[in-house]
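Asker: just the structure for this:
(one chain, ligands or ions: 1)
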Amino acid sequence: MTNPLAGRRIVITAGPTLEAIDPVRFISNRSSGKQGYAIAEACAVLGANVVLVSGPTALNDPAGVETIRIESARDMLAAVEGALPADVFIAVAAVADWRPAEAHDKKIKGNKGEMAALPLVENPDILKTISQRTEARPGLVIGFAAETHDVEDHARQKLGRKGCDWIIANDVSGDVMGGDENAVAIVSRDDVWRSQRTSKSEIARLIAGRIADAVEETC
Ligand code: CTP
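Answerer: Numbers count the residues shown, from 1 in each chain. This next block holds a predicted model:
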């Protein structure tokens, strides 16, 4: 079948989030967005109706995908919830776990000792929130995990903690961050599927193909 995801709606998060300290400063995570964008495009190629909720990146909007640009984790969660119902949710974004307790509306002056401490509060966990929905929970909820060691053990623990259906584990012990190659393991409750080390676009095609097979069975 050339369009196995036709008629399916897929919501994907990608890139970093940006949490304002004041109008010129922020805290964030290092993320190029490449893997999430590639997955969005690969799902669209298979016929899916894709909504990509992206933090700030240097990438162009992927072809054939509705792209919503946001900055903070809270805005990312609101955009994802606004895009539901969907058949599949894929959390690829490197969400900042914390944000400043207060975003100052005026620039904090550097020479006045005002920044002696930066109180932080926890951001919402978007993957966990969507996994635990009782209403309009997507039939297949997928999270990503970046691990340097014991990749599958940690992925399985994360599956339980987040309540999602798959964890796609990245082995980031090499130079994956920002690079063009990757290797992943797709860990579900009773199965593990391992990819070869290959380009992020090929990984994206493989993941989209696995999703197409799974929604055929479960959604
Ligand atoms: N995630 C999210 N919202 C957050 C934090 C993470 O949606 N506030 C999602 C990410 O998009 C990813 C997965 O959760 O799909 C990563 O989980 P996380 O607990 O952040 O794991 P790691 O970053 O791998 O950190 P650790 O190994 O310390 O648990």
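
Asker: so what's K106 up against?
Answerer: Neighbouring residues of K106 by Cβ atoms under 8 Å, 6 or more residues apart in numbering: 22-23. All C-beta spots, glycine's among them, are computed from the backbone N, C-alpha and C.

Asker: measure it to the ligand for me?
Answerer: Distance of K106 to the ligand, computed by Cβ to the nearest ligand atom, to the nearest Å: 28 Å.

Asker: give me the phi and psi for that residue.
Answerer: Backbone geometry at K106, expressed as degrees, to the nearest 10, gives phi -120, psi 150.

Asker: what does D190 give?
Answerer: Dihedral angles for D190 - degrees, to the nearest 10 - are phi -130, psi 20.

Asker: ok, R69 next?
Answerer: R69 has phi and psi values of phi -100, psi 130 when expressed as degrees, to the nearest 10.

Asker: tell me the buried residues in stretch 55-73?
Answerer: Going by neighbour count (16 or more other Cβ atoms under 10 Å), the buried part of stretch 55-73 is 55-57, 59, 61-62, 65, 67-68, 70-73.

Asker: correction: the previous question concerned stretch 194-210.
Answerer: So for stretch 194-210, counting by 16+ other Cβ under 10 Å, buried means 195, 200-208, 210.

Asker: so who does V88 touch?
Answerer: V88 makes contact with 8-11, 43, 48, 138-142, 211, 215, 219, according to Cβ under 8 Å, 6+ apart.

Asker: out of the residues you listed, who's nearest the ligand?
Answerer: Comparing the contacts of V88 against the ligand with Cβ to the nearest ligand atom picks out I142 as the nearest, at 7.6 Å.

Asker: tally of neighbours for the closest one?
Answerer: 26 (other Cβ atoms under 10 Å).
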